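Asker: Model the structure of this input:
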Amino acid sequence: MSTKRVPADTELARRLAQTTLALVDTPSESRNELAICEAVAAMLDTRLPSLFHDDSLVYVPERRPATPLVVFAGHLDTVPPQGNIPGRLSEGSVHGLGASDMKGALAVMIHLVQWLDSEQPETKIDPAFLFFAREELPIDASPITGLLEASADLRASDLVVILEPTSNAIQLGCLGNLNADVTYSGTSSHSARPWLGDNAIHAAIKGLQGVASSPARQVSVEGLEFFEVVSVTGIEGGIARNVIPDEVVCHVNYRYAPNRSPARAETALQDLVGDASSLDIIGNAPPARVATDSKLVDKLRVASSAPIEPKQAWTNVAEFSAAGIDAINFGPGAPEYAHRSDELVEIEALTKCFTSLQRFITSQ
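Answerer: Residues are numbered from 1 along each chain as shown. So this is what the prediction gives:
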């Protein structure tokens, strides 16, 4: 299979770049996705969505017997702006809010739909498209569970390809994401007579030694190497400069490998935090299955010549995995540019992603 690089001055590259720029210039901070929903629907005016639900759009083709259904998915929202709207085209890239994460990917999806409509190619899969809201918020704000309940087609998916930034690598699985508040209690007293109290900050320092000394733990799952990591990401405590504090609350974030269940992750974290007064789970987003045995994933690998990598983060693939649907990440954005003030996506990466997915959709 040819791996020839697509020049950034081709007509395809120009159209992908212009669509990405138009999407960048359509504000869509989380919970404000209606305008970009309307913009995407206008770009796909030859198709009617099979479902418009919760500021999200689903496009499903007429199903064919014994033909696998593959859903290409991307989120519509961005993090808050950092002086990076409007966007611009410069030095072979589209610059601006969401360019990498993931409006460039949305542009790829839009042009795939337009290509399917205009060229009517012979396809070996039934390609569906999902544009969804609120990915940049905690999992309890995600619309994915509701969309699965509302759409029998989504529930029947054989594979979901979420076009999150991966630099055009195929990333399998994802880490679980456990957030907890750990409380250490003591007894307040005057700081001139600390022996009359019990310093909760000192208790926290001792109790968190297990977390602070815990190295990144390498875990092999289906031949891919994930790293389990645990970090203290916030501490609140103290009453006044001359008072021994009676309570400290520490926020702990634990990213755990796909072979560990959410319940086992909570037990492991409890073991790390010592004699804490309480451990309150704020959220526990499960990991995703590592779908190395999927024939469709292997077909995408061949069509794209993409490397296979572990997903060292949490993404919405986990929500589909929890519903028994294989899901992976494969997208044109570069992870290192996501959420930055100088966010960008290379135009050549857009064309590479588009042509890879073209081959995937039409190859035997």
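Asker: Which positions in the longest strand anywhere in the chain come out as buried?
Answerer: Ranked by residue count under DSSP state E, the longest strand found in the chain is strand 224-237. Applying a neighbour-count criterion of 16 or more other Cβ atoms under 10 Å, one finds L224, F226, E228, V230, G237 buried in strand 224-237. Glycine gets a C-beta too; all of them are placed from N, C-alpha and C.
Asker: same thing with stretch 56-69?
Answerer: S56, L57, V58, Y59, V60, P61, P68, L69.
Asker: how about low-confidence regions in the stretch 51-200 of the chain?
Answerer: Scanning the stretch 51-200 of the chain for pLDDT under 70 picks out nothing.
Asker: can you map out the helices along it?
Answerer: Using DSSP state H, counting those that start in this stretch, the helices found in the stretch 51-200 of the chain span residues 104-119, 144-150, 152-155, 200-207.
Asker: possible to save the ones you listed as JSON lines with distance to R255 and mean neighbour count?
Answerer: Below are the helices of the stretch 51-200 of the chain laid out as JSON lines (distance: least, Cβ to Cβ, whole Å; neighbours: other Cβ atoms under 10 Å):
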{"stretch": "helix 104-119", "distance to R255": "23", "mean neighbour count": "21"}
{"stretch": "helix 144-150", "distance to R255": "20", "mean neighbour count": "17"}
{"stretch": "helix 152-155", "distance to R255": "27", "mean neighbour count": "17"}
{"stretch": "helix 200-207", "distance to R255": "20", "mean neighbour count": "19"}
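Asker: Show me the domain layout of this structure.
Answerer: 11-173+288-362, 179-285 (automatic domain parsing).
Asker: one step back: in terms of secondary structure, what does the longest strand of the chain contact?
Answerer: helix 200-207, helix 209-212, strand 217-221, strand 247-256, strand 308-310 (3 or more Cβ pairs under 8 Å, 6 or more residues apart in numbering; DSSP states H and E).
Asker: Deepest in the core, which of the ones you listed is it.
Answerer: Each of those was scored by mean neighbour count; the highest is strand 247-256, a mean of 21, by mean count of other Cβ atoms under 10 Å.
Asker: So what touches stretch 244-252?
Answerer: Stretch 244-252 is contacted by residues 179-191, 194, 197-201, 203-204, 208, 211, 230-239, 269, 273, 282 when judged by Cβ atoms under 8 Å, 6 or more residues apart in numbering.
Asker: that older thread, may I ask which two of the buried residues of strand 224-237 are separated the most?
Answerer: L224 and G237 (39.4 Å; Cβ to Cβ).
Asker: Quick one, grab the pLDDT at D275.
Answerer: Per-residue confidence (pLDDT) for D275: 88.
Asker: sec struct for it, please.
Answerer: At D275, secondary structure determined by DSSP: H, G, I helix; E, B strand; the rest coil is coil.
Asker: Show the contacting residues for the nearest residue to it once chain neighbours are set aside.
Answerer: Setting aside the residues directly before and after it, D275 is nearest to G207 in space (Cβ to Cβ, 6 or more residues apart in numbering), at 5.9 Å. By Cβ under 8 Å, 6+ apart, the contact list for G207 reads V182, Y184, V273, G274, D275, A276.
Asker: same thing but 10 Å
Answerer: Shown in contact with G207 (Cβ atoms under 10 Å, 6 or more residues apart in numbering): V182, T183, Y184, A200, V248, C250, L272, V273, G274, D275, A276, S277.
Asker: Likewise for D45?
Answerer: Q114, D117.
Asker: sorry, back to before: right, and the helices of the stretch 51-200 of the chain - which one's nearest I328?
Answerer: Judging the helices of the stretch 51-200 of the chain by Cβ to Cβ, what sits closest to I328 is helix 104-119, at 13.5 Å.
Asker: Can I get that closest one in CSV, CA atoms only?
Answerer: What follows is helix 104-119 as a C-alpha-only set of coordinates in CSV (Å, rounded to 0.1, in the frame of the first residue of the first chain):
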residue,chain,number,x,y,z
GLY,A,104,-9.9,19.2,12.3
ALA,A,105,-11.4,15.8,12.9
LEU,A,106,-14.9,17.1,12.5
ALA,A,107,-13.9,18.5,9.2
VAL,A,108,-12.6,15.1,8.1
MET,A,109,-15.9,13.5,9.1
ILE,A,110,-17.9,16.2,7.2
HIS,A,111,-15.9,15.7,4.0
LEU,A,112,-16.3,11.9,4.3
VAL,A,113,-20.0,12.3,4.4
GLN,A,114,-19.9,14.7,1.4
TRP,A,115,-17.7,12.3,-0.5
LEU,A,116,-20.0,9.4,0.2
ASP,A,117,-23.0,11.4,-1.0
SER,A,118,-21.4,12.8,-4.1
GLU,A,119,-19.3,9.8,-5.3
